[in-house]
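Asker: okay, here's the prediction I keep looking at, along with the sequence it came from:
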There are 2 protein chains.
Amino acid sequence: MVTAPTTLRDIAQACGVSVSTVSRALANNPAIAKKTRESIQSLAKELDYRPNAQARALKSSRTDAIGVVIPSLINPFFAAMAAAIEDEANQAGYATIITSSGENTPKMEEAIEALRARQVDGILAVPHSDSAEMLEHVARSTPLLFVDRYIEGSNIPAVVSNSAPGLKAALQALAERGHRKVGYLAGPQTTSTGLERLKEFRSFSEELGLEYIIHHGGYLHEEGFLGTQKLLAQKPTAIIAGDSMMTFGALEALYREHVDIGKQIALVGFDDFVFMRIQPAPVSIIDQSVEEMGRIALRNLVASFGGKSPPQSAVVETRFIPRESIDFSP
Amino acid sequence: MVTAPTTLRDIAQACGVSVSTVSRALANNPAIAKKTRESIQSLAKELDYRPNAQARALKSSRTDAIGVVIPSLINPFFAAMAAAIEDEANQAGYATIITSSGENTPKMEEAIEALRARQVDGILAVPHSDSAEMLEHVARSTPLLFVDRYIEGSNIPAVVSNSAPGLKAALQALAERGHRKVGYLAGPQTTSTGLERLKEFRSFSEELGLEYIIHHGGYLHEEGFLGTQKLLAQKPTAIIAGDSMMTFGALEALYREHVDIGKQIALVGFDDFVFMRIQPAPVSIIDQSVEEMGRIALRNLVASFGGKSPPQSAVVETRFIPRESIDFSP
């Protein structure tokens, strides 16, 4: 059924020449007579010969492969990021090896080790602070760029979003509509995004004179669900979920409790997935342009190859998209 | 910033021995004196030496990498499949190189070419019929297993789901509740799933004495949206969407038209994603166990390596999950 791929040796035997003649003929080396070159090239085509990427990799010490470590493909935010990175990488002639960290350090270490054993040219990773030491070590021998999050105190470069403009606009929109008490579903404080968004939420709420209540959750559906149930007991008129997974959890909790979104409570979530619009009252969103983040990260990583400096950091601004979910005054 | 990884040569120079001595010491070859072996091994550890996967690949002509070609990571069905394949592959010691075909033949060809140039040990691919000839050609030199879909008339093995039990149970549940006219959003007739489901829908509807109307769509959100608007004009009391993307489109159309799901119309979709439950009336689902399909496919592909037979086919049964979206009689 399955036959072995054609090798240089196969072509050499078929033509009655040496392997090095075949190799030079396929490289179009003028040291080989034009006629010989052409007949070797046409035979290689006929035998469906393809150069061995592994062999080329050894010679050039480049594999043209990039490792991507994301928490999970099940999370649509990271699936969208991975899709954008893969597309941008293919356009630049690189393959992507995508692996999951499951947001835990042992799995992250395994993923990174597997990528390094394959000698990938570089790694894009979504880090969490527990993995800081291990990642610092990796960055000494492999080009490494963080994406979506950075690690406080680390000098590994990162392509991240700035949640401030989107979060500020969301709170302003709520204040303008007369909301006075806002609940917040905060992300894990082991991530730069979880830390920063909570800090910004507090400071903008205070600036606007809003009362606030906080549930310390995590980037999980269940945390959004339980957190929303807890916040509801304290009667906020608006809830902001600190990431997309918690936004899904908040939606489910509000439906189960029969609290009418956009009529009895305002809801603001993160990240503009289609699911946010496929609701009776489409959800207002603080959008991070996850595809843009992924594409910039890939380009900055590739641009660093062969150079002496590490990849460049970048910041992508967030924006607020108001929708029916906030269209009322309490 | 970035230093080159440690090679066997580096260790050999540091110890004042030959590269082949280092190689044998690291393989724990007793031909090398125990003391020498130990000191070489400890130096390798200190210098953070990791064996070069590329070099091993050349020797064993195995790369321990598996190519995965899916239509898109943005579709949560294929993201879930890719996540299951990646997890199962990692457990078996393989890396996965995930690429997208965008459901079009030129992009599929590019993806397959890129994977073959990397000499992956095998490929899992979600095919469409236009790519049949090219994929038949690939299967002659690379272990290839289809997943989710097969190609009519091709003898390339496939791991697919059998939609009959789930679809039959859904139509029975609708008939029992007194529905008499059911709309169907059909998938593309260039895919085995699109063809089979439409055929089964017709035949089970006729068995149950149900009137039916059909929109010939595709596996796209917009097709579900437009198709639902068209079907509504013909007043069905129930709609079945032939895949998850069209289910999302149907939900959006029903919300925009203010048709109350589970009260004015029954809705049945495909594939049990969390988004199907995060709705005021959770959506009844024909579930394909996409993770199981992905895991079985990976295991069957790996089991074929080194053997003389192609990978084994398998069929996973679907089941119907009734929920609030059908809880009424028209």
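Answerer: Nice, thanks for sending it over.
Asker: pretty sure residue A:302 contacts residue A:145?
Answerer: No: using Cβ atoms under 8 Å, residue A:302 makes no contact with residue A:145, being 9.8 Å away. No exception for glycine: its C-beta is placed from N, CA and C like everyone else's.
Asker: which residues do those two both contact?
Answerer: residue A:122 (Cβ atoms under 8 Å, 6 or more residues apart in numbering or on different chains).
Asker: ok, these two, which is more surrounded?
Answerer: Taking other Cβ atoms under 10 Å in any protein chain shown, residue A:302 and residue A:145 do not tie; residue A:145 has more neighbours (26 against 20).
Asker: now the more buried one: phi and psi?
Answerer: Main-chain dihedrals, residue A:145, degrees, to the nearest 10: phi -130, psi 130.
Asker: nearest residue to it in space, please, no chain neighbours.
Answerer: Sequence neighbours aside, residue A:311 is the residue nearest to residue A:145 in space, at 4.1 Å (criterion: Cβ to Cβ, 6 or more residues apart in numbering or on different chains).
Asker: how about that neighbour, what does it touch?
Answerer: A:122, A:143, A:144, A:145, A:157, A:300, A:301, A:303, A:304.
Asker: narrow the residues you listed to those that are buried.
Answerer: With burial judged by 16 or more other Cβ atoms under 10 Å in any protein chain shown, the buried subset of the contacts of residue A:311 is A:122, A:143, A:144, A:145, A:157, A:300, A:301, A:304.
Asker: would you list those in JSON lines and tack on secondary structure?
Answerer: Below are those laid out as JSON lines (DSSP: H, G, I helix; E, B strand; the rest coil):
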{"residue": "A:122", "secondary structure": "strand"}
{"residue": "A:143", "secondary structure": "coil"}
{"residue": "A:144", "secondary structure": "strand"}
{"residue": "A:145", "secondary structure": "strand"}
{"residue": "A:157", "secondary structure": "coil"}
{"residue": "A:300", "secondary structure": "helix"}
{"residue": "A:301", "secondary structure": "helix"}
{"residue": "A:304", "secondary structure": "helix"}
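Asker: hmm, back to that, mind picking the two most distant members of the contacts of residue A:311?
Answerer: Farthest-apart pair in these is A:144 and A:303; separation 14.1 Å (Cβ to Cβ).
Asker: just the helices in the stretch 101-250 of chain A please.
Answerer: Secondary structure of the stretch 101-250 of chain A (DSSP state H, counting those that start in this stretch): helices at A:105-117, A:132-139, A:164-176, A:192-207, A:221-232, A:244-256.
Asker: state the distance from residue A:40 to residue A:325.
Answerer: From residue A:40 across to residue A:325, the span is 67 Å (Cβ to Cβ, to the nearest Å).
Asker: shaky segments in the stretch 151-300 of chain A?
Answerer: Within the stretch 151-300 of chain A, no stretch has pLDDT under 70.
Asker: recalculate using a threshold of 90.
Answerer: By pLDDT under 90, the low-scoring segments of the stretch 151-300 of chain A are A:152-153, A:155, A:189-192, A:217-220, A:273-275.
Asker: of the buried ones among the contacts of residue A:311, which is the nearest to residue A:136?
Answerer: So of the buried ones among the contacts of residue A:311, ranked by how close each gets to residue A:136 (Cβ to Cβ), first place is residue A:144, at 9.1 Å.
Asker: my guess is that closest one contacts residue A:134, does it?
Answerer: No: using Cβ under 8 Å, residue A:144 is not in contact with residue A:134, being 10.9 Å away.
Asker: neighbouring contacts of the helix or strand hosting residue A:96?
Answerer: Using DSSP states H and E, residue A:96 sits within strand A:95-100. When contacts are defined by Cβ under 8 Å, 6+ apart, strand A:95-100 is touched by residues A:64-73, A:82, A:85-86, A:89-90, A:107, A:111, A:114-115, A:118, A:120, B:65, B:82-83, B:86-87, B:90, B:95-99, B:114-115, B:118.
Asker: ok, 7 Å please
Answerer: Residues from elsewhere that reach strand A:95-100 (Cβ atoms under 7 Å, 6 or more residues apart in numbering or on different chains): A:64-73, A:82, A:85-86, A:89, A:111, A:114-115, A:118, A:120, B:83, B:86, B:95, B:97-98, B:114, B:118.
Asker: among these, which ones are buried?
Answerer: A:64-73, A:82, A:85-86, A:89, A:111, A:114-115, A:118, A:120, B:83, B:86, B:95, B:97-98, B:114, B:118.
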